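**Q** Got a predicted structure plus its sequence, pasted below:
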Amino acid sequence: MCKIVRQLSLFALLSLVFASVVGLPLNQSQRDTLLAQISAVRPDLQFEIIGPAPVAELYEVQVINGPVLYVSADGEYFFDGSLFRVEEGGFVDIAAKRLNAQRKKMLDAVDPQTMIIYTPQIQRRATITVFTDIDCGYCRKLHREMDELLSYGIEVRYLAYPRAGIGSDSYRKIATAWCADDPNATMTALKAGDSVAMNVCSDNPVAAHFALGGAMGVSGTPAIVLADGTLLPGYRPAAAFAELLGLATR
């Protein structure tokens, strides 16, 4: 049984970061011991050992559909939250950096032909991928700024994420956009609240996009993924994206 749950202070975290010895990979017996220890307390959760953390005697353990924990080899101590590495010029969030790389890999594997893409008429200078939902007010607000986004040279790639789930009215609406002869125009009409006949084709990619969003950590819309895999939850104005991407000057 887990004896203590420690929430480390920032000072303690930074002290750990300066440790130079990284934990060795666990053998099967050690892995079983660690998982058994933490699973005994929360049998309702599933855990997966990622590997040694970048500090001595700690291991990264993923709670499936939950946070990353930093756990001692015997499974008796852990903390959750961000682990930072001290680098010249600032702190680096270790888990975020790893997750960004994973998201980028997953995103790169998506066929662009399964997306609804709005491409700028000027030279493309950046790309954002947006998990979107027709019934999401902030998704509609972001879409109303499409012309401004395009004017900065930002290409917008849509993936479907009906928040109400597969089979819902939201699913049928967004699938209709993907099944239309003109997906871009249909997406714009639906987000404007226009009446559009529902058309759910059997080969639409909405379920696959929805599953991908879950795997990437999307929990709401709009959720924007940058080219490097950074996940930005929630609405931001077009001008804020331009500034973030270094495109403030048109």
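**A** All right, it came through fine. Worth saying up front: this structure is predicted, and the values here are computed from it rather than measured. Residues are numbered from 1 along each chain as shown.
**Q** low-scoring stretches of this structure, by residue?
**A** 1-24, 92, 249-250 (pLDDT under 70).
**Q** If we use 90, what do you get?
**A** 1-42, 45-102, 215-217, 219, 248-250 (pLDDT under 90).
**Q** for it, what spans make up the strands?
**A** 4-5, 47-52, 58-63, 68-72, 77-80, 84-87, 90-93, 116-118, 126-132, 154-160, 223-225, 231-233 (DSSP state E).
**Q** hang on, isn't residue 38 packed against residue 78?
**A** Yes. Counting by CB atoms under 8 Å, residue 38 touches residue 78, with 7.0 Å between them. C-beta: built from backbone N, CA, C; applies to glycine.
**Q** right, and residue 127 touches residue 152 too?
**A** No. Assessed by CB under 8 Å, residue 127 is found out of contact with residue 152, at 11.7 Å.
**Q** And the chain, what are its domain boundaries?
**A** Taking automatic domain parsing as the domain assignment, the record places the domains of the chain at 4-87, 104-244.
**Q** okay, these, which one's buried deepest?
**A** domain 104-244 (a mean of 17; mean count of other CB atoms under 10 Å).
**Q** centre of the chain versus it, how much separation?
**A** Remark: domain 104-244 is offset 14 Å from the chain centroid, using CA atoms, centre = their mean, to the nearest Å.
**Q** how long is it end to end?
**A** 18 Å (CA to CA, to the nearest Å).
**Q** and residue 232, bridged to which residues?
**A** residue 224 (DSSP bridges).
**Q** From start to finish, how long is stretch 132-152 in a straight line?
**A** Note: stretch 132-152 ends 21 Å apart using CA to CA.
**Q** what does stretch 136-151 contact?
**A** 118-122, 128, 130, 132-133, 156, 163, 187-188, 191-193, 221-222, 234-239, 241-242, 250 (CB atoms under 8 Å, 6 or more residues apart in numbering).
**Q** how long is that stretch end to end?
**A** 24 Å.
**Q** how about the helices of the protein, start to end?
**A** 10-17, 28-41, 94-108, 137-144, 146-151, 169-179, 183-191, 206-216, 238-244 (DSSP state H).
**Q** closest one to residue 88 among those?
**A** helix 10-17 (13.6 Å; CB to CB).
**Q** ok, back up a step: what's the closest of the helices of the chain to residue 228?
**A** Nearest to residue 228 among the helices of the chain is helix 94-108; the distance by CB to CB comes to 5.8 Å.
**Q** relative to helix 206-216, how tilted is that closest one?
**A** Interaxial angle, helix 94-108 versus helix 206-216 (axes from the mean of the first three to the mean of the last three CA atoms, to 10 degrees): 160 degrees.
**Q** Specify the angle between helix 94-108 and strand 47-52 in degrees.
**A** 110 degrees.
**Q** show me what contacts residue 244?
**A** Residue 244 makes contact with residue 236 under the criterion CB under 8 Å, 6+ apart.
**Q** Any figure for the gap between it and residue 112?
**A** 22 Å (CB to CB, to the nearest Å).
**Q** what's the answer for residue 32, then?
**A** For residue 32, the distance to residue 112 - CB to CB - is 43 Å.
**Q** Check residue 33 too.
**A** In terms of CB to CB, residue 33 sits 45 Å off from residue 112.
**Q** And residue 38, by the same measure?
**A** 40 Å.
**Q** Then residue 172?
**A** Distance from residue 172 to residue 112, by CB to CB: 24 Å.
**Q** Likewise for residue 71?
**A** Going from residue 71 to residue 112 by CB to CB gives 39 Å.
**Q** Residue 174 too?
**A** 18 Å.
**Q** Check what contacts stretch 169-185 and list those residues.
**A** 116-118, 132-135, 160, 162-165, 186-187, 190, 196-201, 204-206.
**Q** before we move on, what about stretch 223-237?
**A** Outside stretch 223-237, the residues that touch it by CB under 8 Å, 6+ apart are 96, 99-105, 107, 126-131, 138-139, 141-142, 145, 161, 213, 216-220, 222, 241, 244-245.
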